[in-house]
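S.K.: The following comprises the amino acid sequence and a computationally predicted model.
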Amino acid sequence: MNTATKKSINGGEFLIKETEAKDIFIFEEFNEEQKMMAQACQDFIDTEITPKSEEIDSMKHPDLVPGIFKKAGELGLLGISVPEEFGGMGMSFNTSMLIADIIGAAGSFSTTYGAHTGIGTLPILYYGNEAQKNKYLPKLATGEWAACYCLTEPDAGSDANSGKTKAVLSADGKYYLINGQKMWISNAGFADLFIVFAKIDDDKNLTAFIVEKTFGGITMNEEEKKMGIKGSSTRQVFFNDCKVPVENMLSERGNGFKIAVNILNIGRIKLGAGVLGGCRSVATLAIKYAGERKQFGVAINTFGAIKQKLAEMAVRTYACEALCYRAGQDIEDRMAALASEGMPDAEAKLKALEQFAIEAAIAKVHGSEVLDYVVDQGVQVYGGMGYSADAPMEKAYRDARISRIYEGTNEINRMLMVGMLLKRAMKGEINLFEPAMAVANELTAVPSFETIDTSELFASEKDVIKKLKKVFLMVGGKAAMALADKIESEQEVMMNLADIMIEIYAAESAILRTEKLVSIRGEDACKHQIAMAQVYLFEAVEKIQTAAKEAIAAFAKGDEQKVMLMGLKRFTKGELVNTKELRRQVADYMIEKGKYPFS
Amino acid sequence: MKILVCITHVPDTTSKIQFTENNTKFDKNGVQFIIGPYDDYALARAVELKEQLGASLTVLNVGEAETEPTLRKALAIGADDAIRINAFPKDSLFVANQIAAIAKQNNYDLIMMGRESIDFNGGMVHGMVGEMLGIPSISPVMKLEIDGDTVKMAREIEGGKEYLEAKLPLIAGCQEPIAEWKIPNMRGIMSARTKPLQVLEPVSDETATNVTTYQLPPAKGAVKLIDKDNVAELVKLLKNEAKVL
């Protein structure tokens, strides 16, 4: 993408600035080569994974998943983000998002894939020294070795820095002895390399280590019995005097928590994209089933109640695609900009990811909740068959549920995104206070009777988005003042604010994606996308109203509450949209095409 | 050793087939195109032969600019270079003329293609090219080994298999299981963009057929399920309703 002409905004600034459609990347802009990669990945799933999904989930064939993993390595799928000098493909960030997206349709293998290529490989790529990168990355990029990430402990989940695993330097100073217990470790069963977080002596912060299985002192419990992603290896791992050479410390002593946080930033945005393949395949299954299933003498896809579900699956998936690839490109562009200023590659990548950590958290929460919605409605479209383990929806429903839990629960991520925003505002990195003050002043001023020119596509929708940002500034600004440093303990309000942020980013992304698509293909060719963007925005306004009301009721009283509620009414006033008609139009098109037809 | 693989650019097998312009044109809107599945098997075997014998491998397609992604996929799978004859493939004779012209110039030892395309399923091009070049054309080949200048093949025939040998040069119309279908790897995809893709104009405009109109098969009717214990009912329905007995 040409970054020279692109106006870039910083992470979180979408709440106070307008973005133009031309400045975002949209799914439809992937080039022929990227599309060929995506198709190769889809072919791999269709031939190697989907036909074997029952066997994979049965866990009765211990060589099956490692075998599929090796084949993924042969195709180059495991080294997408690894530079060519270390045996990888050195693809762009958004290309790696696209591959994660497609792999998302692979059920439990998508977790195997994500754990290896993301949290298993990236700590070495971003924090390893040259010797460590040269030694380990080629093995990981080709699939010769499988990696896993050992952070969580029985008593240290969301509060990861409270882990009890210890690392003690040996008397001769040559190695650390690691002792402790790790839990919910994806890929543990067949991993050759473990990224292990432990505290040296009585350090406050964690330190990360690269541990080879052959170092010894590693034992495991049986495979966990899980609700979903049953084919993905998940075990408890025990380190008993595991001897790790000092040169295998990753980065510096005490830097582990920072590594964990930054690697999870990447994991989060990748998970946002990683739900999309699943959303599309479930929507496509539902479309097909609704066309085949007859009740009252007709296919059930002729019923409005079913069309509503099919369309809504598409509307949310479309918005999620829009926000993931918008954020992905923003990250990629920032990486390139920092690198061109002379920053070392790995550092530039980390800085860019840190800059867009708010958007990464949004992608994770939004994506996992869209997937959960889509599988839930998928079960419903299937009716009784949806509840049967003989049909694919039951598995999709179970597999989806973990996405709201791992890579930081959605609750932690909601709190994180608001917390990060407020911290940046306090540090002066993002100018929230001035626009918040302007909105506060607007509340007591005479309402503007300015009218907008609605002849232009999305003029009124963009006006709605602008006002939704005012809702956030009003509620967020007042909450920060009223609750001050207590805000972090008012988690319910934090979650309300997060919901407002998520919906603004998603709705704006859907509108901008569509506007850009119209500029490429023309309005006639994009009528369904326009309908989806309008439906999404309408729903976003409703959700934002609810979240804002809850928050206002929680901290504002009397006149202040009244003024805010009036402001909320003013800022969420919009044309009524006939969502029924728009959804029917979208559903009819999906039925005609027999699949999710928008990417 | 020089191998030419001819590929077709056809709708994905799951595409919904629709026609436009009064049922005279195929509606490409929203259709995903792929390498013809039989051609894909031919290509997969050719890539194996290339690796085994150190052969050069050219892929060819008769098609307009829109077919280039399909050719580049063949390059990603392992072909060395590609030729696109810049014309809509009007019929089998038209396509065969183009292939024969290229083959005469370049003296390929082995020409491989699918037993038939999966759009119009003519299954004639390999035979026509063989006739034009005066070399054997064998189809449907499901196994192909090269030993010196001898080609050992297995061919599917009515009720069994036929094993045969022929000397190079020859043409093989291929089908599975001649090789395992190949997914291009990421490195192959990245290298495809730097491989040569030559665009040539057609040498002849001759056709032998002209499609006047297309018709979709009748929609599938409802399925009646008869209980396995109720054979009498089944027989009655087959006699009276389906009228097949």
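M.R.: All right, it came through fine. Numbers count the residues shown, from 1 in each chain, chains lettered A, B, ... in the order given.

S.K.: Identify the residues contacting the residue of chain A found nearest chain B.
M.R.: Chain B sits closest to A:Gly76 of chain A, with a gap of 3.0 Å, by C-beta to the nearest C-beta. Every C-beta, even on glycine, is put in place using the N, C-alpha and C of the backbone. By C-beta atoms under 8 Å, 6 or more residues apart in numbering or on different chains, A:Gly76 lies in contact with A:89, B:185-187.

S.K.: Whichever strand or helix holds A:Phe239 pairs with which strands?
M.R.: Using DSSP states H and E, A:Phe239 maps to strand A:234-245. Here strand A:234-245 is paired, per DSSP bridges, with strand A:175-186 (antiparallel), strand A:218-220 (antiparallel).

S.K.: sorry, back to before: which ones among the contacts of A:Gly76 map onto helices?
M.R.: Taking DSSP state H as the definition of helices, these contribute B:186-187.

S.K.: hmm, which two among the contacts of A:Gly76 are most spread apart?
M.R.: A:Met89 and B:Asn185 (9.4 Å; C-beta to C-beta).

S.K.: In the stretch 1-150 of chain A, where is pLDDT below threshold?
M.R.: A:1-5 (pLDDT under 70).

S.K.: Need the contact partners of the strand holding A:Phe239.
M.R.: Contact with strand A:234-245 is made by A:148, A:150, A:165, A:167, A:170, A:174-186, A:188-189, A:194, A:196, A:198, A:209-211, A:215-224, A:226, as judged by C-beta under 8 Å, 6+ apart.

S.K.: can you put the contacts of A:Gly76 in JSON lines and add distance to B:Leu43?
M.R.: Listed next are these as JSON lines, based on distance: C-beta to C-beta, whole Å:
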{"residue": "A:Met89", "distance to B:Leu43": "23"}
{"residue": "B:Asn185", "distance to B:Leu43": "15"}
{"residue": "B:Met186", "distance to B:Leu43": "18"}
{"residue": "B:Arg187", "distance to B:Leu43": "17"}
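
S.K.: Make a markdown table from the contacts of A:Gly76 and add neighbour count to it.
M.R.: Converted to a markdown table, these look like this (neighbours: other C-beta atoms under 10 Å in any protein chain shown):
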| residue | neighbour count |
| --- | --- |
| A:Met89 | 23 |
| B:Asn185 | 21 |
| B:Met186 | 25 |
| B:Arg187 | 15 |
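
S.K.: Which of the strands paired with strand A:234-245 has the highest mean neighbour count?
M.R.: Highest mean neighbour count of these: strand A:175-186, a mean of 21 (counted as mean count of other C-beta atoms under 10 Å in any protein chain shown).

S.K.: any residue of the helix ranked longest in chain B up close to chain A?
M.R.: Using DSSP H to define each element, chain B has its longest helix at helix B:37-53. No: on the criterion C-beta under 8 Å from any C-beta of the partner chain, helix B:37-53 is out of touch with chain A, staying 10.6 Å away.

S.K.: Show me what that helix packs onto, helices and strands only.
M.R.: When contacts are defined as 3 or more C-beta pairs under 8 Å, 6 or more residues apart in numbering or on different chains; DSSP states H and E, helix B:37-53 packs onto strand B:2-6, strand B:56-62, helix B:68-77, strand B:110-114, strand B:137-147, strand B:170-174.

S.K.: contacts for that helix?
M.R.: B:1, B:3, B:5-8, B:13, B:34-35, B:55-57, B:59, B:74, B:77-80, B:110, B:112-118, B:144, B:146, B:172-182.

S.K.: What is the burial count for the spatially closest residue to A:Gly189 that is not a sequence neighbour?
M.R.: Counting by C-beta to C-beta, 6 or more residues apart in numbering or on different chains, A:Gly189 lies nearest to A:Ser233, which is 3.3 Å off, once chain neighbours are set aside. Using other C-beta atoms under 10 Å in any protein chain shown, A:Ser233 has 25 neighbouring residues.

S.K.: A:Ser233 contacts A:Pro62, doesn't it?
M.R.: No: the pair A:Ser233 / A:Pro62 is not scored as a contact, 9.3 Å apart, by C-beta atoms under 8 Å.

S.K.: residues shared between the contacts of the two?
M.R.: A:189-190.

S.K.: which ones are touching the closest residue to B:Met124 other than its chain neighbours?
M.R.: Computed as C-beta to C-beta, 6+ apart, the closest residue to B:Met124 that is not its neighbour in sequence is B:Ser92, at 4.3 Å. Applying C-beta under 8 Å, 6+ apart to B:Ser92 gives the contacts B:122, B:124-125, B:128, B:208-209.

S.K.: what sits against the residue of chain B found nearest chain A?
M.R.: Proximity of chain B to chain A (C-beta to the nearest C-beta) peaks at B:Met186, 3.0 Å away. B:Met186 is in contact with A:37, A:40, A:75-77, A:79-80, A:89, A:91, counting by C-beta under 8 Å, 6+ apart.

S.K.: What about these, which are in strands?
M.R.: Members of the contacts of B:Met186 lying in strands (criterion: DSSP state E): none.

S.K.: buried sites along the strand holding A:Phe239?
M.R.: Buried residues in strand A:234-245, counting neighbours by 16 or more other C-beta atoms under 10 Å in any protein chain shown, are found at A:234-239, A:242, A:244.

S.K.: can you check stretch A:39-55 too?
M.R.: For stretch A:39-55, a neighbour-count test (16+ other C-beta under 10 Å) marks A:39-45, A:48-50, A:52-53 as buried.

S.K.: follow-up on the earlier one: generate a ChimeraX selection restricted to the buried entries among the contacts of B:Ser92.
M.R.: Selection of buried members from the contacts of B:Ser92 for ChimeraX, criterion 16+ other C-beta under 10 Å:
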select /B:122,124,125,128
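
S.K.: Point out the ones among the contacts of B:Ser92 that are inside helices.
M.R.: Judged by DSSP H, helices contain the following of the contacts of B:Ser92: B:125, B:128.

S.K.: wait, which of the contacts of B:Ser92 is closest to A:Ala346?
M.R.: B:Val125 (53.1 Å).

S.K.: Tell me who's in contact with that closest one.
M.R.: Contacts of B:Val125 (C-beta under 8 Å, 6+ apart): B:6, B:92, B:95-96, B:99, B:113, B:117.

S.K.: swap the cut-off to 7 Å and go again
M.R.: Residues in contact with B:Val125 (C-beta atoms under 7 Å, 6 or more residues apart in numbering or on different chains) are B:92, B:95-96, B:99, B:113.

S.K.: Those in strands, which ones?
M.R.: Among the contacts of B:Val125, the members falling in strands (DSSP E) are B:Met113.

S.K.: which non-adjacent residue is nearest A:Ile99?
M.R.: Distances taken as C-beta to C-beta, 6+ apart put A:Ile80 closest to A:Ile99, at 5.2 Å, once the chain neighbours are dropped.

S.K.: who in chain B is up against chain A?
M.R.: Residues of chain B lying close to chain A (C-beta under 7 Å from any C-beta of the partner chain) are B:16, B:30, B:69, B:72-73, B:76, B:183-187, B:189-190, B:193.

S.K.: can you count the residues close to B:Glu145?
M.R.: When neighbours are defined as other C-beta under 10 Å, B:Glu145 has 13 of them.

S.K.: Could you pull up the contacting residues of it?
M.R.: B:Lys152.

S.K.: Name the residues linked to it by a beta bridge.
M.R.: Beta-bridge partners recorded for B:Glu145 (DSSP bridges): B:Lys152.

S.K.: how far away is it from A:Phe14?
M.R.: According to C-beta to C-beta, to the nearest Å, B:Glu145 and A:Phe14 sit 61 Å apart.

S.K.: a markdown table for the contacts of B:Met186, including distance to B:Pro218?
M.R.: What follows is the contacts of B:Met186, written out as a markdown table (distance: C-beta to C-beta, whole Å):
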| residue | distance to B:Pro218 |
| --- | --- |
| A:Met37 | 40 |
| A:Ala40 | 37 |
| A:Leu75 | 42 |
| A:Gly76 | 46 |
| A:Leu77 | 43 |
| A:Gly79 | 50 |
| A:Ile80 | 47 |
| A:Met89 | 49 |
| A:Met91 | 48 |
